[in-house]
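Chemist: Next comes the sequence, and after it the predicted model I'd like to discuss.
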Amino acid sequence: MSKNHRSDRRFIRNIALFGGLSLLSGALFVYGLIQNGNGAVERYNALIAVDQAGGDVEESLNDLRGYIYSHMNAEIGSPNSIYPPVQLKDTYERLAKAEEDRVDQVNGNLYSAAQAFCEANGSQGFSGGNRLGCINEYVDQNGAAIVSIDESLYKYDFVSPRWSADIAGFSVLFFVLFAVLTLINVLMYRHTRHMVRMAN
């Protein structure tokens, strides 16, 4: 077997080996991306379920946040979906309702209390000697107003990294490495064949 023939076989063997490893790494990369996306969706669904059930969303929110920040292709939502994609609607609505109930409770008997106060205090409870003025002053001083809840505090958008130390991240590195080695061997094989033809 000639030296050129052995060299050709070595290049062909390397091309097949590195090409196969490139395909395997590429398949693992795609698998890893899909797993990362599915993991984010599972955690998002768990968070929404806790939100709807009225549970403590902090643990589920931290789990989702940590997962997205440490896995590529783990973002929730898309350019055409609701923004920001993570919205704790039920938690916000419960807090807003609780604030309304608090104000209703404080203000529920306020007018009766104002009348009783103004009647009990006679002229001292009147603002400018006017019973209506006394009642209005009492309501202004003792009444409660709804404190608006910042809706943005219950909306989140977490961005996943471009690369992460997981199966998707490492497999893309191996894919690039094996693809480069495949290309080098292809170029060397073609160069060797060209030199052999030139020599003949």
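Modeler: Ah, there it is. Numbers count the residues shown, from 1 in each chain.
Chemist: mind checking which helix or strand S60 is in?
Modeler: Element membership of S60, judged by DSSP states H and E, is helix 58-69.
Chemist: Check the offset of whichever strand or helix holds V180 from the chain's centre.
Modeler: Using DSSP H and E, V180 sits in helix 167-199. Computed by CA atoms, centre = their mean, to the nearest Å, the chain-centroid distance of helix 167-199 equals 39 Å.
Chemist: ok, I12 touching R190?
Modeler: No. Using CB atoms under 8 Å, I12 makes no contact with R190, being 11.6 Å away. (C-beta placed from N, C-alpha, C; glycine too.)
Chemist: List the contacts of G169.
Modeler: 32, 72, 163 (CB atoms under 8 Å, 6 or more residues apart in numbering).
Chemist: what helices or strands is the next helix or strand after the helix holding S60 leaning on?
Modeler: Where DSSP H and E defines the elements, the next helix or strand beyond helix 58-69 is strand 86-87. If contacts are counted by 3 or more CB pairs under 8 Å, 6 or more residues apart in numbering; DSSP states H and E, strand 86-87 sits against strand 155-156.
Chemist: Go again with 10 Å.
Modeler: helix 3-53, helix 58-69, strand 155-156 (3 or more CB pairs under 10 Å, 6 or more residues apart in numbering; DSSP states H and E).
Chemist: Next, the angle from the helix or strand following it to helix 3-53.
Modeler: Counting by DSSP H and E, the next helix or strand C-terminal to strand 86-87 is helix 89-108. If you take axes from the mean of the first three to the mean of the last three CA atoms, to 10 degrees, helix 89-108 sits at 20 degrees to helix 3-53.
Chemist: Centre of the chain to helix 89-108, how far?
Modeler: 28 Å.
Chemist: Go through that helix and flag the buried ones.
Modeler: For helix 89-108, a neighbour-count test (16 or more other CB atoms under 10 Å) marks 90-92, 107 as buried.
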